[in-house]
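[1] the sequence and its predicted three-dimensional model are supplied below.
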Amino acid sequence: QAQRPWRRMGLKLPTPAALGVLLALALLALAHLPPPPDHSPHSLPASAPTGLWGVVEAPLPEGQAHSERLPIPPAQPDQDQPPGWGRRWQQGMGGHTPPWLSNDDLQKMWLLASGRVVSKTRIPAHGQVLRVRLRAVRGAEEDTLPASPEEDCQDGRCGLIKRPGDLYEVLAFHLDRVLGLNRSLPAVARRFTSHLLPYSYTDGSLRPIIWWAPDLQHLEDANNDQNSCALGWLQYQEMLQPHGPTLAARDAPCSSIPRGEWSRLALFDFLLQVHDRLDRYCCGFQPDPSEPCVEEMLHEKCRNPAELVLVHILVRKSAPSRLVFIDNAGRPQHPEEKLNFRLLQGIDSFPAAAVATLQSGRLQSLLLESLRMDPELWENQGGAEGLRPLLWAIEKRARILLRHIQEHNLTL
């Protein structure tokens, strides 16, 4: 039966020897074909997926392992990485990184989220904050430790572990980047298991860890070391005057910081309702009796503006004219009727790009896209649905800010 088709076509059944020759020729031709582009180990198609840092991966030299180039999770998670963490991180990135997150941001986020804790230091006057040194794990390789304690953290391999209640700082970092302000320090959410940390840090609770900038400029005054310059409220308002600061203001601390920096800070703090920097005394709203500004009797000083000072006004030694935004947890639940407009006092212009993003109607979707990059926070908050109430609060404040800009004819 198998020979009938051949006979109908007038063909002769090939002999076994002929079949062997044909098979050999076919195998020889296959051996000389180039590997298919989708599976080539040494080349990428034009539409290659992005790598771990959001950049197209370059071809690897012959014999070089992939883990020698990219800092991917080790095959066996170390003591600070829960099982499956690396998989969730890559799923969070989804082969795509938002354009507002730079390669430097992504590398710092990776260090904060995956680095092994190798030492810890208490921060004076900040009992619930630990500074930790992180050793980056790159495949089978690990960073070397500094030669002496004096060099510790000077290479940018440290982070501040803060309280679980400060998780809003992670959202604040992404808001900063989405708006194009680029003044806050990278932050991620993480669970810690290192035996070097106190039990309260390893009980499974999710905490924010903020990148430690080694060149932050601090005052030598131990009672005012959270500032790069001592600035009072009245001096600050004088610096914001459109006619330019007076001679006294030009000689005052922080005079090297341009007015545009203060407008970035005011916009950021208003959206998050961060009061500690510009209004730690709660002069811009009626605080509840449980507020720290009331308990510490700071609110009473609002009657005398000359006593009011700004805090957390910081710059880096490498960029003394650019503010650095720290302690950005803000108040996600602050009621709309108590919004602190004092944060906007004296500001007559705002960054055009940031305002354009607020006007676009896409703020929530852009934030969701950015927050997906932090799988621990994303899962902890219940994904998009769980995050929407927080994002909606920011969206409403953005609309109020836009109305404020329009009503006061402020420039961009």
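    Structure received. Numbers count the residues shown, from 1 in each chain.
[2] please count neighbours and contacts with C-alpha atoms only from this point.
    Fine.
[3] mark out where each domain of the protein begins and ends.
    78-143+152-211, 222-407 (automatic domain parsing).
[4] so can I have CSV of those domains showing mean pLDDT?
    Formatted as CSV, the domains of the chain follow (pLDDT from 0 to 100):
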stretch, mean pLDDT
domain 78-143+152-211, 86
domain 222-407, 93
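[5] most packed of these?
    With neighbours taken as mean count of other CA atoms under 10 Å, the domains of the chain reach their highest mean count in domain 78-143+152-211, at a mean of 19.
[6] chain neighbours aside, what residue packs nearest to Val129?
    Lys162 (5.0 Å; CA to CA, 6 or more residues apart in numbering).
[7] what residues are up against that neighbour?
    Gln128, Val129, Leu130, Arg207, Pro208, Ile209, Ile210 (CA atoms under 8 Å, 6 or more residues apart in numbering).
[8] the last one and Leu167, how far apart?
    The gap separating Ile210 from Leu167 is 10 Å, by CA to CA, to the nearest Å.
[9] and what of the third one?
    With distances defined as CA to CA, the gap from Leu130 to Leu167 amounts to 15 Å.
[10] same thing with the fourth one?
    With distances defined as CA to CA, the gap from Arg207 to Leu167 amounts to 6 Å.
[11] overlap in contacts, those two.
    Between them, Arg207 and Leu167 share these contacting residues under CA under 8 Å, 6+ apart: Ala189.
[12] that's a helix at Pro208, yeah?
    No. Assessed with DSSP: H, G, I helix; E, B strand; the rest coil, Pro208 is strand; it does not lie in a helix.
[13] which residues touch the residue nearest to it when sequence neighbours are not counted?
    Leaving aside its sequence neighbours, Pro208 sits nearest to Ala189 (CA to CA, 6+ apart; 4.5 Å). By CA under 8 Å, 6+ apart, the contact set of Ala189 is Ala113, Leu167, Val170, Leu206, Arg207, Pro208, Ile209, Asp374, Glu376, Leu377.
[14] can you tell me the SS state at Ala189?
    Using three-state DSSP, the structure places Ala189 in strand.
[15] just the strands in the stretch 201-350 of the chain please.
    207-211, 314-316, 319-324 (DSSP state E, counting those that start in this stretch).
[16] closest one to Gln237 among those strands?
    Shortest distance between Gln237 and those, using CA to CA, is found for strand 319-324: 16.7 Å.
[17] what does that closest one rub up against?
    Strand 319-324 has contacts (CA under 8 Å, 6+ apart) with Arg183, Ser184, Leu185, Ser256, Ile257, Pro258, Glu261, Ile313, Leu314, Val315, Arg316.
[18] partner strands of it, with direction?
    According to DSSP bridges, strand 319-324 forms sheet pairs with strand 314-316 (antiparallel).
[19] residues making contact with the partner strand?
    213, 215-218, 226-229, 321-325.
[20] any idea where the helices of the stretch 251-400 of the chain begin and end?
    For the stretch 251-400 of the chain, helices defined by DSSP state H, counting those that start in this stretch occupy the ranges 259-272, 292-295, 352-359, 363-371, 375-380, 383-407.
[21] wait, which of those helices is closest to Glu337?
    Closest of the helices of the stretch 251-400 of the chain to Glu337 is helix 383-407, at 10.9 Å (criterion: CA to CA).
[22] and the angle for the closest one with helix 352-359?
    On the basis of axes from the mean of the first three to the mean of the last three CA atoms, to 10 degrees, helix 383-407 is oriented at 120 degrees to helix 352-359.
[23] between helix 363-371 and helix 383-407, find me the angle.
    Put simply, helix 383-407 runs at 130 degrees to helix 363-371, going by the same axes, to 10 degrees.
[24] quick revisit: distance to Leu197 added to the contacts of Lys162, as a markdown table?
    A markdown table is the format used below for the contacts of Lys162 (distance: CA to CA, whole Å):
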| residue | distance to Leu197 |
| --- | --- |
| Gln128 | 12 |
| Val129 | 11 |
| Leu130 | 9 |
| Arg207 | 13 |
| Pro208 | 15 |
| Ile209 | 14 |
| Ile210 | 16 |
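[25] closest to Asp152 out of the residues you listed?
    Checking the contacts of Lys162 against Asp152 by CA to CA gives Leu130 as the nearest, at 14.2 Å.
[26] for the closest one, what is the enclosing helix or strand?
    Secondary structure from DSSP states H and E places Leu130 in strand 126-135.
[27] show me what that strand is packed against.
    Applying 3 or more CA pairs under 8 Å, 6 or more residues apart in numbering; DSSP states H and E, one finds that strand 126-135 contacts helix 103-114, strand 116-123, strand 158-161.
[28] wait, which of the ones you listed is closest to Gln235?
    Closest approach to Gln235 among these is made by strand 116-123 (29.6 Å; CA to CA).
[29] give me the residues contacting that closest one.
    For strand 116-123, using CA under 8 Å, 6+ apart, the contacting residues are 78-80, 129-137, 194, 196-197.
[30] can you check stretch 380-393 too?
    Here stretch 380-393 has contacts from Leu206, Pro332, Gln333, Gln364, Leu367, Leu368, Trp378, using CA under 8 Å, 6+ apart.
[31] now with 10 Å?
    Residues lying outside stretch 380-393 but in contact with it, judged by CA atoms under 10 Å, 6 or more residues apart in numbering, are 168, 171, 175, 189, 205-206, 271-272, 332-336, 363-365, 367-369, 371-372, 375-379, 394-395, 397-398.
[32] check stretch 304-313 too.
    So stretch 304-313 is in contact with 217-218, 224-236, 254, 265, 275-281, 283, 298-299, 301-302, 323-327, going by CA under 10 Å, 6+ apart.
[33] distance to Val117 added to the strands of the stretch 201-350 of the chain, as JSON lines?
    Listed next are the strands of the stretch 201-350 of the chain as JSON lines, based on distance: least, CA to CA, whole Å:
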{"stretch": "strand 207-211", "distance to Val117": "12"}
{"stretch": "strand 314-316", "distance to Val117": "25"}
{"stretch": "strand 319-324", "distance to Val117": "25"}
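[34] straight-line length of stretch 344-354, end to end?
    End-to-end distance for stretch 344-354, by CA to CA: 15 Å.
[35] distance of the residue nearest to Val129 from Ser114?
    Lys162 is 17 Å from Ser114, by CA to CA.
[36] for Arg372, see how far away the residue nearest to Val129 is.
    Here Lys162 is placed at a distance of 21 Å from Arg372 (CA to CA).
[37] all set, thanks.
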